[in-house]
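Peer 1: just need the structure, nothing else, for what follows:
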Amino acid sequence: MKSLHILFDGISGAGKDTHIYYAAEFLRSEGYTSYIITEPSPKTKEIISSYKHSTPEHLRDVRWELQQFVEDRKEQTATEVLPLLQ
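Peer 2: Residues are numbered from 1 along each chain as shown. Below you'll find the predicted structure:
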């Protein structure tokens, strides 16, 4: 069976979660299996949130934050996305 990867991207509050939910429900009603993977992962989201709450804005390292997102995407792609596409 072929796999299809559908990506929803947009700014916070644009309605992605709503559209993802309806798309997944529609695909399931048509007999397809659907998986929802969010970025960043809950673990990385918590790490970054904790960092932001404990570090004054003028002392934050944006490169460190970006690296967390990059590493999270690599891990999710390898462990969650690619296995679903095979």
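Peer 1: now residue 50: which helix or strand?
Peer 2: Taking DSSP states H and E as the criterion, residue 50 maps to helix 42-54.
Peer 1: show me what that helix is packed up against.
Peer 2: Where contact means 3 or more Cβ pairs under 8 Å, 6 or more residues apart in numbering; DSSP states H and E, helix 42-54 is packed against helix 62-76. C-beta coordinates here come from the backbone N, C-alpha and C atoms, glycine included.
Peer 1: got the angle between the helix it packs on and helix 42-54?
Peer 2: 170 degrees (axes from the mean of the first three to the mean of the last three Cα atoms, to 10 degrees).
Peer 1: buried ones in helix 62-76?
Peer 2: The neighbour-count criterion (16 or more other Cβ atoms under 10 Å) identifies 68, 72, 76 as the buried residues of helix 62-76.
Peer 1: just the pLDDT at residue 7, thanks.
Peer 2: As summarised for this prediction, residue 7 has a pLDDT of 85.
Peer 1: repeat that for the one 5 residues further on.
Peer 2: At residue 12, the predicted lDDT confidence score is 76.
Peer 1: count of neighbours near it?
Peer 2: Applying other Cβ atoms under 10 Å, we find 5 other residues in the vicinity of residue 12.
Peer 1: output stretch 59-66 as PDB, nothing but the C-alphas.
Peer 2: Provided in PDB are the C-alpha atoms of stretch 59-66 (Å, rounded to 0.1, in the frame of the first residue of the first chain):
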ATOM      1  CA  LEU A  59      20.100  36.100  28.000                       C
ATOM      2  CA  ARG A  60      18.500  33.500  25.800                       C
ATOM      3  CA  ASP A  61      20.500  31.800  23.200                       C
ATOM      4  CA  VAL A  62      18.400  31.600  20.000                       C
ATOM      5  CA  ARG A  63      20.900  29.300  18.400                       C
ATOM      6  CA  TRP A  64      20.400  26.800  21.200                       C
ATOM      7  CA  GLU A  65      16.600  27.000  20.800                       C
ATOM      8  CA  LEU A  66      16.900  26.500  17.000                       C
END
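Peer 1: what's in contact with it?
Peer 2: Around stretch 59-66, the neighbours that count as contacts under Cβ atoms under 8 Å, 6 or more residues apart in numbering are 48, 51, 52.
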